[in-house]
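Novice: test case, fold it:
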Amino acid sequence: MRFDLENVKNCLRYKGKVFTVRSYCLENYNVSVEGIGKCRRIRGFEVKNKDQIKKFVKLSGFDTLNAWWKAIEGFCGDKRKWIYLVKKL
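Specialist: Numbers count the residues shown, from 1 in each chain. So this is what the prediction gives:
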């Protein structure tokens, strides 16, 4: 699993977990994260609007919901979106 934004990767590195939103729907699985090691990817739910992810901001690597949503839109555009919890093993 790849993390292009250093703030998101650092959240995983230093807090041991991070919530991330992706434009694909995959099963729960153990994944390798470059620079971090083995992690567990756990799919949450399909995200339809930013209010649904408000409570996850503190573990997203972003300071505000609006900043996180802007990044999500930049990566996902108009595609469907799913939230995942990624935890270090």
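Novice: and the pLDDT for G16?
Specialist: For G16, the pLDDT comes out at 98.
Novice: tell me the contacts of the residue found closest to it once you drop the neighbours it is linked to in the chain?
Specialist: Nearest residue to G16, sequence neighbours excluded (CB to CB, 6 or more residues apart in numbering): K88, at 4.9 Å. Where C-beta positions appear, they are placed from N, C-alpha and C, glycine not excepted. By CB atoms under 8 Å, 6 or more residues apart in numbering, K88 lies in contact with L12, G16, K17, I36, G37, K38, C39.
Novice: which among those residues gets closest to M1?
Specialist: Checking those against M1 with CB to CB, the nearest one is C39 at 6.9 Å.
Novice: what's the local residue count around that closest one?
Specialist: Using other CB atoms under 10 Å, C39 has 21 neighbouring residues.
Novice: the residue nearest to G16 and D4, how far apart?
Specialist: 18 Å (CB to CB, to the nearest Å).
Novice: just to revisit the earlier point, how about the contacts of K88 in a markdown table, adding secondary structure?
Specialist: Converted to a markdown table, those look like this (DSSP: H, G, I helix; E, B strand; the rest coil):
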| residue | secondary structure |
| --- | --- |
| L12 | helix |
| G16 | coil |
| K17 | strand |
| I36 | coil |
| G37 | strand |
| K38 | strand |
| C39 | strand |
